[in-house]
Structure formats: structure tokens, C-alpha cells
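Engineer: Need the 3D shape of this:
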Amino acid sequence: MSFWKKPAESAGYLSGVAFFEGFSNEDLARVASLSGELKVGSGAMVIDQGDTGVDCYVIMEGTASVRVRDEEVATLGSGDMVGEMALIDHRPRTASVVATTDMHLLRFNSRQFRQLLTEMPKAEERVMTMLTERLRAEGGPSNE
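Structural biologist: The predicted model follows:
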């Protein structure tokens, strides 16, 4: 289903994805109108370490391996966002993301991502929470 073509129907589809939990139907329809859809096969390189970031993704279906210099550092699945760090700090990608199954992704270019964060405080909060959890898991700075 091309979910962004019918925002009203898309809300039901997107409401089942963890990243969008608690979003209103109106917010979900706006998410659908801001985003695009991407399907990739198992083994596809979704993000290549070192590249300039122009898109980020929410995994709708499927799983992926996050790799730093060919070493797996994480596994991602439905509801996870990938690629947002390069859009926030405007630096090259810090890891590669490779599909380990066929995947269905929701894609945001940098302009759409900024709009998402500006228009939806809940989305901004989710992204900041994800980034904080990653920093803590990697032993980064904390206030503890």
C-alpha cells in the first residue's frame, strides 16, 4: 500500500508503528503527507558509512544491521528510525545500515525531517529520546 497517497487511510497504517505511538490521526495524516515510501530487498545498503546524509528513515517492516567498519553494532526493526543523526549535525554518516530482510521504509528528506520536528513536538521528543538512549548505550556523556 502506498500509504502517503491517502493520508486518511495512512493514519491507521502508521498508528501500528512504535515510533508513531500516541500520535493523533491528524498528526499521522501529516506524517504521511510529509514522507515517501521505499522498499528494499535483503542485502541492500540503506545507508553507507561516510556518505553525506540527505534522508532518514523509519522502518515500517523488516530488519537491518547497523555496521561500523564492517562490525555489527546493532540490529534494528519496525519502529526504529535510522539516518537522523546526519540530518541533525550535518556530518557524514557514522555507520552503515544493511537490510537483513526485505524492508519497507518511510523516507524523509532533510526538509521533510525538519518540518516533522517543527510541526510535531511528539516526533521531536521521540528523536531526542532515541539519540539520548544511543549515547547512554555507547557510554557517552550523561548526567548520572
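Engineer: Tell me the spatial nearest neighbour of Glu119, not counting adjacent residues.
Structural biologist: Leaving out its chain neighbours, the residue that sits closest to Glu119 by CB to CB, 6 or more residues apart in numbering is Arg30, at 6.6 Å. All C-beta spots, glycine's among them, are computed from the backbone N, C-alpha and C.
Engineer: what's around that neighbour, how many residues?
Structural biologist: 20 (other CB atoms under 10 Å).
Engineer: Wait, it touches Lys122, no?
Structural biologist: No - with contact defined as CB atoms under 8 Å, Arg30 does not count as touching Lys122 (11.3 Å).
Engineer: what's the helix or strand for Tyr57?
Structural biologist: Counting by DSSP states H and E, the element that carries Tyr57 is strand 55-61.
Engineer: From the contact counts, what lies against the following helix or strand past that strand?
Structural biologist: Later in the chain than strand 55-61, the nearest helix or strand by DSSP H and E is strand 64-68. Applying 3 or more CB pairs under 8 Å, 6 or more residues apart in numbering; DSSP states H and E, one finds that strand 64-68 makes contact with strand 71-76, strand 96-99.
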